[in-house]
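1. need a 3D model of the following:
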Amino acid sequence: MSLPRVVAVAPGSAAARAGLAPGDEVLSLDGRVPRDVIQWQVLVDEADVELEVRRGGLDLPVTVTKAAGEPLGAEVSSSIFDAVQTCDNACEFCFIHQLPKGLRRSLYLKDDDYRLSFLYGNFTTLTRFTEADLERVVTERLSPLNVSIHATDAQVRARLLRNRRGATSLRWLRALLDAGIEVHGQVVVCPGVNDGEVLEDTLVGVLDRYPELATLCVVPLGVSRHGGGGSLRPHTTAEAIDVVERVEAWQGRFLSVLGRRLAFAADEYYLLADRPFPPADAYEGFPMHEDGVGMARTFEAEFTGRSATTTGPRAGFFAWVDGAPAEGYRAPRTAPGTIMLRARRDAPVGVLTGEYGARVLAPLVAGLGRDDVRVVPVANDFFGGTTAVTGLLVGADLGRVLTREPEGHRYLLPDVCLSGGRFLDGTGPEDLPRPVEVVPTDGAALRRALEA
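-> As a prediction, this is how the structure comes out:
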């Protein structure tokens, strides 16, 4: 078990007044050793917290005098202090198995931890879930959670997860719903395995056994060129059309029986099927936006000014958890103090994006009627296969494309492909052959950048 280590203290906060300092390791809070940042929040929410910290090899008491509910004002180095519940499934479609070698170690961690689902929106299969986990989730109301369902047929699910517990672990989903926990489900569709009639059976099973699900997103598997040569393959156009049609048919049934559509096909399916995206109101508030459901419609609304709010990466479903560090998809996009160079204001503009993003952006940019703005699609050779989303662009591919682009132009780069100022291949914007301007990944930000 690792100890929570303080990495930042807010000026003027209760922690600062008590003398808590970056680098302090917290041995205990009110005599208890917290397992994770969720328990940390419960403990520091009390008034007058007694901490024992280790500083420079010495163990010291620190008394924090504050009102109950007042934020402590200290950020810690991780979300989980005991061991992360790792995933013991062997899903052939898992993208982690399809990563190239040599990336940073954290990218290869497969978790199946309900706490990370609660904190950051990760998906859990519940195959390692226990009675003790259920008791904690229900008692502390750790809601919402995201659950990977994939199939409601027990044997198909066990085959997909390559784990015999996959056949029985959805009993925990039923228990969570019975306890009033909000759950969002996911089905990753693998051609020839859980598409077609199996997908139909899964949608029937959801209505029959799990109608309280908040949402169900249906997404295609991704296939990179680094996979292990398994049996899974990309969708054909006909298969993508079949998925879209089945999901839309079931939306009508769910709407009739439950009063809501419940199931949604990912934007990628509409691109694969070459079908127009549904209207914005068909997404019922875009609850699964971060899972690629309705991103195109929200971006369009933001870009055209029809939406006053913006989407893009969130700070976390539960940003109020005091001290929780931003991790993974919700980590800061650019490193502190980063300065992005820009060309002259009247220079032609190239908007860098993935191949899927280019199909969404092209008609929006064309609608501006400007001949000085163009979309620059970037093929993902680094991951290869069907990888075409903007969030997985890396410096190597961007550099290859930018080398062929004119000097002196403005190049806009969406921040979704950065984490802490780095691409997945470890390079940064400063390594690119042309200066780029990093802009937030939402339609309003892009429109503002184009008008600057």
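2. what is the neighbour count of T386?
-> When neighbours are defined as other C-beta atoms under 10 Å, T386 has 20 of them. Glycine gets a C-beta too; all of them are placed from N, C-alpha and C.
3. right, and it touches G222 too?
-> Yes - between T386 and G222 a contact is recorded at 5.8 Å, counting by C-beta atoms under 8 Å.
4. list the contacts of the spatially closest residue to L213 that is not a sequence neighbour.
-> Among residues not flanking L213 along the chain, G185 sits closest, at 5.1 Å (C-beta to C-beta, 6 or more residues apart in numbering). G185 makes contacts with N146, V147, S148, I149, L173, V206, Y210, L213, T215, L216, C217, as judged by C-beta atoms under 8 Å, 6 or more residues apart in numbering.
5. look up phi and psi at G185.
-> Dihedral pair for G185: phi -100, psi 160, per degrees, to the nearest 10.
6. state the distance from the residue lying farthest from the centre of the chain to V7.
-> Distance from the C-alpha centroid of the chain, by C-alpha atoms, centre = their mean, peaks at L58 (39.1 Å). Here L58 is placed at a distance of 19 Å from V7 (C-beta to C-beta, to the nearest Å).
7. and for T236?
-> For T236 relative to V7 (C-beta to C-beta), the value is 48 Å.
8. just checking, what packs against the strand or helix carrying E197?
-> Using DSSP states H and E, E197 sits in helix 196-209. Where contact means 3 or more C-beta pairs under 8 Å, 6 or more residues apart in numbering; DSSP states H and E, helix 196-209 is packed against strand 183-189, helix 237-258.
9. what sits up against it?
-> In contact with helix 196-209 (C-beta under 8 Å, 6+ apart) are residues 149-153, 156, 174, 185, 187, 189, 194, 213, 216, 218, 242-243, 246-247, 250, 253-254, 257-258, 262-263.
10. what of stretch 10-18?
-> 6, 9, 51, 62-66, 70-74.
11. 7 Å - rerun?
-> Contact with stretch 10-18 is made by V9, V62, T63, V64, T65, K66, E70, P71, L72, G73, A74, as judged by C-beta atoms under 7 Å, 6 or more residues apart in numbering.
12. restricted to helices, list those residues.
-> Per DSSP state H, helices hold no members of these.
13. the residue nearest to L213 and N122, how far apart?
-> In terms of C-beta to C-beta, G185 sits 14 Å off from N122.
14. and if you look at D48?
-> Taking C-beta to C-beta, one finds D48 at 34 Å from N122.
15. now do L418
-> 20 Å.
16. give me the number of residues near A10?
-> There are 13 residues near A10, going by other C-beta under 10 Å.
17. all the strands of the stretch 351-452 of the chain, residue numbers only.
-> Taking DSSP state E, counting those that start in this stretch to define them, one finds strands in the stretch 351-452 of the chain at 373-378, 410-414, 437-439.
18. what ranges does the stretch 251-400 of the chain have for its helices?
-> 267-273, 295-304, 355-366, 395-403 (DSSP state H, counting those that start in this stretch).
19. what's the helix or strand for the closest residue to A74 other than its chain neighbours?
-> Distances taken as C-beta to C-beta, 6+ apart place A15 nearest to A74, at 4.1 Å, with adjacent residues excluded. A15 belongs to helix 14-18 when assigned by DSSP H and E.
20. using CSV, write out every CA atom in that helix.
-> Extracted C-alpha coordinates of helix 14-18, given in CSV (Å, rounded to 0.1, in the frame of the first residue of the first chain):
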residue,chain,number,x,y,z
ALA,A,14,-6.9,25.1,6.0
ALA,A,15,-4.0,22.9,5.0
ALA,A,16,-1.7,25.9,4.4
ARG,A,17,-2.7,27.4,7.7
ALA,A,18,-1.7,24.2,9.4
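21. got any ranges where the chain has weak pLDDT?
-> 1, 228-230, 308-343 (pLDDT under 70).
22. may I have the phi/psi pair for S28?
-> phi -160, psi 160.
23. any idea how many residues pack against it?
-> 16.
24. and the residue nearest to it when sequence neighbours are not counted, helix, strand or coil?
-> Nearest-residue entry for S28: E52, 4.7 Å, with adjacent residues in sequence omitted and distances by C-beta to C-beta, 6+ apart. At E52 the chain is in strand, as set by DSSP: H, G, I helix; E, B strand; the rest coil.
25. isn't E52 right up against L27?
-> Yes - counting by C-beta atoms under 7 Å, L27 is a contact partner of E52 at 4.3 Å.
26. which residues are in contact with each of the two?
-> The contact sets of E52 and L27 overlap at D59 (C-beta under 7 Å, 6+ apart).
27. still on that earlier bit, G357 is nearest to which of the helices and strands packed on helix 196-209?
-> helix 237-258 (18.0 Å; C-beta to C-beta).
28. just the residues contacting the closest one, thanks.
-> Residues contacting helix 237-258 (C-beta under 7 Å, 6+ apart): 189, 191, 195-196, 199-200, 203, 207, 211, 218, 260-265, 269-270, 272-275.
29. buried subset of those?
-> Neighbour-count burial (16 or more other C-beta atoms under 10 Å) applied to the contacts of helix 237-258 gives 189, 191, 195, 199, 203, 207, 218, 261-265, 269-270, 272-273.
30. from those, which two are the most distant?
-> Those two in the buried ones among the contacts of helix 237-258 that are separated most widely, counting by C-beta to C-beta, are L207 and L272, at 25.4 Å.
31. please name the residues that touch R448.
-> Neighbours of R448 in contact, by C-beta under 7 Å, 6+ apart: none.
32. so how far is stretch 356-376 from its chain's centroid?
-> Centroid separation for stretch 356-376 versus its chain: 26 Å, with C-alpha atoms, centre = their mean, to the nearest Å.
33. residues in contact with it?
-> Looking at what lies outside stretch 356-376 - C-beta under 7 Å, 6+ apart - the contacts are 268, 271, 296, 299-300, 303, 348-353, 377, 388-390, 401, 405, 450.
34. what about 6 Å?
-> Stretch 356-376 is touched from outside by 271, 296, 303, 348-353, 377, 388-390, with contacts defined as C-beta atoms under 6 Å, 6 or more residues apart in numbering.
35. and stretch 386-397, by the same measure?
-> Contacts for stretch 386-397 (C-beta under 6 Å, 6+ apart): 222-224, 234, 353-357, 378, 380-383, 414, 416-417, 423-425, 427, 431.
36. please redo it, this time with the cut-off set to 7 Å
-> 222-224, 234, 353-357, 378-383, 414, 416-417, 423-425, 427-428, 431-432.
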